[in-house]
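> what would the 3D arrangement of this be:
(2 chains)
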Number of protein chains: 2
Amino acid sequence: MDNKYIDSWLESRKNRKKTVLPEVLFEGIKSGDVAALSSAITLLESTRPEDKQASNLLIQMCLPFAGKSIRVGVTGVPGVGKSTFIEAFGMNLIQQGKKLAVLAIDPSSGKSGGSILGDKTRMNELSMAKNAFIRPSPAGNSLGGVARKTRESILLCEVAGFDYILVETVGVGQSETAVHSMVDFFLLLMLAGAGDELQGIKRGIMEMADALVITKADGDNVKKSNLARQEYQNAMHLFPPNKNGWIPKALTCSSLEGHSIGKISDLILEFVSKTKDNQFFDLRRHEQDQFWMHETLKELILADFFEDETHQEAILNLEKQVVKGEISSFAAAEKLYRQFKNKS
Amino acid sequence: MDNKYIDSWLESRKNRKKTVLPEVLFEGIKSGDVAALSSAITLLESTRPEDKQASNLLIQMCLPFAGKSIRVGVTGVPGVGKSTFIEAFGMNLIQQGKKLAVLAIDPSSGKSGGSILGDKTRMNELSMAKNAFIRPSPAGNSLGGVARKTRESILLCEVAGFDYILVETVGVGQSETAVHSMVDFFLLLMLAGAGDELQGIKRGIMEMADALVITKADGDNVKKSNLARQEYQNAMHLFPPNKNGWIPKALTCSSLEGHSIGKISDLILEFVSKTKDNQFFDLRRHEQDQFWMHETLKELILADFFEDETHQEAILNLEKQVVKGEISSFAAAEKLYRQFKNKS
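As a prediction, this is how the structure comes out:
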């Protein structure tokens, strides 16, 4: 064999990143070391088997120390001013002496190459603040995978002592449901406008929101924003009540002028205090833990089927037949299932 | 062996129902014979393996002739007057010369022993009308199973020549999502009142509705109902738009006085005409076909895991550990999955 190849192989072995011991990372995170936190999240995102094992160990060590933050989901369509809002909201929390971590969940970012929060320059002040930690969305093809990484990142940030964890998402796909299932409080950002503010927002998201914030309520927009706020507040009274007794609130704010930003953190504290009093805060977290256990289990079991390329092909064929009315949905499913069982 | 036992065994063999040939049922259904339709639905509901095979054959024969009805889902909490509404709405359709089948989906009925629509006397006129067919909810433990039976019953009713298929459900559980995934038009019934009309309705249902009907708009209730209608209409304008371009409408009606019932069938026809024009009618049906294929496939694959009692036990144990923070949701899921794989 040519020496060139051996050399290059040896070189690649040398440059290969070694897995940091989870114990070392854990101690670092627990002491609030942001560099350790960063490395740990990178470890979670790794697909190498030895890294997976290490990150499982790390999470196991972290669990008893996690859970102490307030987890806030933030969603809204592109253009609503999410980054500007998070910058203003985050700086407000920091001025209150709080520590804030910002994570993002966007399963599509892996495909497009870009990622929300990737452009930290959009959050100038916050990205330089000592008590803030900003981490872009992990890449990944499946929502389940991205959700898992984000959920485990939340735990790590909590052990590192962050008081608030913001999880950002774009309100156009399936990821809001995932974010809603991992936060305590879900914030929907909207623009005032003649109805078109809703273009692009997925149906069903409004009913998930614990608060709806009309952004850019400044300058010529103030009157329109107040009107929209009132309309949404009325509409939300018509929604079925939340079982935790919380009636979602509509607010306006201006990230530019900085007004009413403080009201939102007050509202979140009111929510936390009320739901801790009536036990629903912990109940929701427990339900979320169980939800993710079941979701992950299902995903693992189904992966055995869906990872097989011949099954993918068979699905596409049967989908066509089903749509043409040549076979019923159920018969098609049974056919696919039998094919799968005969193989395994 | 005692002769008594042999005699009783022979007797039980004699009384044992024979499976009617699917070809015979198919011809009966196609000629509009309601007795054949009834037997065929009973066949769908049977759990005997030979019946399952026969019903699969029957569905396969029916498929090319199905699909021509308008499928309407009706939901609302108990007390909203669903039966009275369906009676009035159904009689109105029959007076228009239409044929109407009413099915129900209620996965809980199997457990409680009762079933919605079971009490046909609540629909006096309709149950005696020549052009109406009423069938109570099939029993079943899983929503998937009940949904499958209902969806296949829809196909059979269509082959029997029914113009409208109403699928009734109670708006408190998970079954509305299932019904929403098998109908063209989804109707939510509500009562006017000071906010408490929403008690019991699941969040998210409002955003699924193509029309919202305030029932019992008669006598002292008229003013209140009109006010509620206006409020809901305003609220629904604030919802994100449907991709089919349809803006959900709010209406009032009185099943008692019979007024405005005709408006609802007009609205449904308007919906059908609009969505057929913009292709969304067929698109929605195709999506539903694919949805049920995938749902059923997933259910079949997951059943291998969940039917094992030792797994059920392991799940309960790990759920407890997850809630206590002793193990992460993901590690727990992986543990369950490994246990499953090692066995099979």
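
> A:Gln321 touches A:Ser329, doesn't it?
No: contact criterion CB atoms under 8 Å: A:Gln321 and A:Ser329 do not qualify, at 10.2 Å. (Glycine included, C-beta is placed from N, CA and C.)

> out of those two, which sits in the busier spot?
Neighbour totals were compared for A:Gln321 and A:Ser329, and A:Ser329 leads with 25 against 16 (other CB atoms under 10 Å in any protein chain shown).

> against A:Phe162, how distant is the more buried one?
Going from A:Ser329 to A:Phe162 by CB to CB, to the nearest Å gives 46 Å.

> and for A:His180?
Distance of A:His180 to A:Phe162, given as CB to CB: 20 Å.

> over to A:Lys341?
Using CB to CB, one obtains 47 Å as the distance from A:Lys341 to A:Phe162.

> those two: who's more crowded?
A:Phe162 (25 against 12).

> sec struct for that one, please.
In three-state terms, and counting by DSSP: H, G, I helix; E, B strand; the rest coil, A:Phe162 is coil.

> check the one 4 residues further on too.
Applying three-state DSSP to A:Leu166 yields a three-state assignment of strand.

> now for the residue nearest to it when sequence neighbours are not counted: which residues touch it?
Nearest residue to A:Leu166, sequence neighbours excluded (CB to CB, 6 or more residues apart in numbering or on different chains): A:Val102, at 4.6 Å. Taking CB atoms under 8 Å, 6 or more residues apart in numbering or on different chains, we find A:Val102 in contact with A:86, A:90, A:117, A:123, A:126, A:132-135, A:165-166, A:168.

> lowest-confidence entry in those residues?
Note: of the contacts of A:Val102, the lowest pLDDT belongs to A:Leu117, at 53.

> any chance you could map the strands in chain A?
Along chain A, counting by DSSP state E, strands occupy A:70-76, A:100-104, A:132-134, A:164-170, A:185-191, A:211-215, A:249-252.

> may I have the strands that pair with the fourth one, each with its orientation?
Strand A:164-170 has these partner strands in its sheet, going by DSSP bridges: strand A:70-76 (parallel), strand A:100-104 (parallel).

> and those, which is most packed in?
Mean neighbour count (mean count of other CB atoms under 10 Å in any protein chain shown) peaks for strand A:100-104 among these, with a mean of 27.

> kindly format the C-alpha coordinates of it as PDB.
Once non-C-alpha atoms are left out, strand A:100-104 reads as follows in PDB (Å, rounded to 0.1, in the frame of the first residue of the first chain):
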ATOM      1  CA  LEU A 100     -30.500  33.400  30.400                       C
ATOM      2  CA  ALA A 101     -29.900  30.700  27.900                       C
ATOM      3  CA  VAL A 102     -31.400  30.800  24.400                       C
ATOM      4  CA  LEU A 103     -31.700  27.600  22.400                       C
ATOM      5  CA  ALA A 104     -33.400  27.100  19.100                       C
END
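
> for the closest residue to A:Gln174 other than its chain neighbours, give its distance to A:Ser83.
Closest residue to A:Gln174 apart from its sequence neighbours, by CB to CB, 6+ apart: A:Leu143 at 5.8 Å. In this view, A:Leu143 and A:Ser83 are 22 Å apart by CB to CB.

> can you check A:Ala147 too?
22 Å.

> please identify which of the two sits among more neighbours.
More neighbours surround A:Ala147 than the other of A:Ala147 and A:Ser83, with 26 against 20 (other CB under 10 Å).

> ok, the closest residue to the more buried one other than its chain neighbours - contacts?
In this structure, A:Ala147 finds its nearest non-sequential neighbour in A:Ala178, 4.4 Å apart by CB to CB, 6+ apart. A:Ala178 sits next to A:105, A:143, A:146-147, A:150, A:169 when contact means CB under 8 Å, 6+ apart.

> between these, which sits nearest A:Ala333?
The closest of these to A:Ala333 turns out to be A:Leu143 (CB to CB; 22.2 Å).

> which stretches of chain A have low pLDDT?
In the predicted model, chain A carries pLDDT under 70 at residues A:1-19, A:106-122, A:139-141, A:171-173, A:194-203, A:344.

> could you list the domains of it?
Following automatic domain parsing, chain A resolves into domains at A:1-64, A:66-278, A:308-343.

> tell me the contacts of A:Pro22?
A:43, A:54-55, A:57-58, A:61.

> how close does it sit to chain B?
13 Å (CB to the nearest CB, to the nearest Å).

> how about that residue, nearest residue that isn't a chain neighbour?
Nearest residue to A:Pro22, sequence neighbours excluded (CB to CB, 6+ apart): A:Leu58, at 4.0 Å.

> measure stretch A:45-52 end to end?
9 Å (CA to CA, to the nearest Å).

> which parts of the longest helix out of those in chain A are buried?
Criterion DSSP state H: the longest helix present in chain A is helix A:280-306. Neighbour-count burial for helix A:280-306 flags A:280-281, A:284-285, A:288-290, A:292-301, A:304-306 (criterion: 16 or more other CB atoms under 10 Å in any protein chain shown).

> what subset of the residues you listed is also close to chain B?
Filtering the buried residues of helix A:280-306 for proximity to chain B (criterion: CB under 8 Å from any CB of the partner chain) leaves A:289-290, A:292-301, A:304-305.

> what's the most distant pair in the residues you listed?
A:Asp289 and A:Phe305 (26.1 Å).

> residues touching the most centrally placed residue in chain A, list them.
Geometric centre of chain A, nearest residue: A:Ile105, 3.7 Å, by CA atoms, centre = their mean. The contact partners of A:Ile105, taken as CB under 8 Å, 6+ apart, are A:137, A:146-147, A:150, A:167-169, A:175, A:178-179.

> chain B: which of the residues you listed is nearest?
Here the nearest of the contacts of A:Ile105 to chain B, counting by CB to the nearest CB, is A:Ala147; it sits at 9.8 Å.

> list the contacts of that closest one.
So A:Ala147 contacts A:105, A:175, A:178, A:181-182, A:292, A:295 (CB under 8 Å, 6+ apart).

> ok, now with 10 Å
Residues in contact with A:Ala147, defined by CB atoms under 10 Å, 6 or more residues apart in numbering or on different chains, are A:105, A:107, A:138, A:140, A:174-175, A:177-179, A:181-182, A:292, A:295-296, A:299, B:330.

> would you point out the most distant pair within these?
Spatially, the most separated pair among these is A:Gln174 and B:Phe330, at 18.9 Å (CB to CB).

> A:Gly144 and A:Thr177, how far apart?
Relative to A:Thr177, and taking CB to CB, A:Gly144 is found at 12 Å.

> which of these two has more residues huddled nearby?
Neighbours were counted for A:Gly144 and for A:Thr177 using other CB under 10 Å; A:Gly144 has more, 20 against 15.

> the stretch 1-150 of chain A against chain B: which residues are in contact?
A:52, A:55-57, A:59-60, A:62-67, A:77, A:144, A:147-149 (CB under 10 Å from any CB of the partner chain).

> may I see the ChimeraX selection of the buried members of those residues?
Remark: buried members of the residues of the stretch 1-150 of chain A next to chain B, expressed as a ChimeraX selection using 16+ other CB under 10 Å:
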select /A:55,56,57,59,62,63,65,66,77,144,147,148,149
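
> how close does the closest residue to A:Ala129 other than its chain neighbours sit to B:Gln95?
Closest residue to A:Ala129 apart from its sequence neighbours, by CB to CB, 6+ apart: A:Ile94 at 5.4 Å. Using CB to CB, we find A:Ile94 at a distance of 69 Å from B:Gln95.

> look at the two and report which has more neighbours.
Taking neighbours as other CB under 10 Å, A:Ile94 and B:Gln95 compare with A:Ile94 leading, 19 against 11.

> with that, I have no additional questions.
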